[in-house]
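J.: Fold the following, please.
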Amino acid sequence: MDDKQELRRQLANLLTTRQAHMDITDAAADFPAEHINTCPPGCEYTFWHLLEHIRICQRDILDYIDSDHYTWLTFPDDLWPARAAVTDPAGWQHSLDAFLADRQRLAEIVLDPAVDLFAPLPNSGESRHSILREINVIADHTAYHTGEFAILRGAMGLWKPG
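T.: Numbering: from 1, shown residues only. The predicted structure follows:
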C-alpha cells in the first residue's frame, strides 16, 4: 500500500471507525426518549441540541468541501438549534441518520484517489484550507462533543445498567 492510499484509509477511519474512544452512535445508543429534550444540569442545551450541533457542523464542513457556492454560517446561531427547539424520537433518529449519511459522504470523498486532499478549497480564500485540514477539524470536533455527550449522559444516570 502506498503512503497516499494509507493516508486516505487512516482519514476515513478517523471519521468512521471506533478507535481510541466511543463513536457518536455508541454515545446515542438506546438513549431514553423522555430525555432527548432534557438540558443536563449547568447546560443551556439539550441532548438533542448537542446531537444536532454535531450534525450541523459536520454538514457545514461537507458543504464547504463539496460546494462551489458555499455560504459561511454564523457562529453560534447557525450551528446550533434554537434554544427553544425540541424534537421527538423521529427527529432524534433523523439527526443521527443524517449525521451518518454525511459522514459516509466525507469518507467517500477522502477515499477517492482523484481527490487532492492537499489542494486549497475553492471557498477558502487566503486561508487556503484543504480537505485534509477539514477532515481533521470535523473528526476532532465530533470526538470532543461525543465525549461531552457521553459524560453528560453518565452524570444524569442515563446509561442502561450493565
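
J.: and after the host helix or strand of residue 91, which helix or strand comes next?
T.: Applying DSSP states H and E as the criterion places residue 91 in helix 89-111. Next helix or strand after helix 89-111 toward the C-terminus (DSSP H and E): helix 131-155.

J.: Can you point out the buried residues in that following helix?
T.: Residues 131, 133-135, 138-139, 142-143, 145-146, 149-150, 152-153 are the ones in helix 131-155 that count as buried (16 or more other CB atoms under 10 Å). To be clear about C-beta, it is placed using only N, CA and C from the backbone, and glycine gets the same treatment.

J.: nearest to residue 102, of these?
T.: Ranked by distance to residue 102 (CB to CB), those are led by residue 138 at 9.4 Å.

J.: Can you tell me, leaving aside adjacent residues, what's nearest to residue 50?
T.: residue 149 (5.5 Å; CB to CB, 6 or more residues apart in numbering).

J.: these two touch, right, that neighbour and residue 27?
T.: Yes - using CB atoms under 8 Å, residue 149 is in contact with residue 27, at 4.6 Å.

J.: Now do the helix holding residue 91 against helix 131-155, angle only.
T.: Using axes from the mean of the first three to the mean of the last three CA atoms, to 10 degrees, the inter-axis angle of helix 89-111 relative to helix 131-155 is 150 degrees.

J.: elements contacting helix 89-111?
T.: Helices and strands touching helix 89-111, by 3 or more CB pairs under 8 Å, 6 or more residues apart in numbering; DSSP states H and E, are helix 3-16, helix 24-28, helix 47-66, helix 131-155.

J.: Show me the shaky parts of the chain.
T.: 1 (pLDDT under 70).

J.: Report the separation between residue 3 and residue 9.
T.: Noted for residue 3: a distance of 11 Å to residue 9, by CB to CB, to the nearest Å.

J.: quick one, which of these two is more surrounded?
T.: Between residue 3 and residue 9, residue 9 has the larger neighbour count (other CB atoms under 10 Å), namely 14 against 7.
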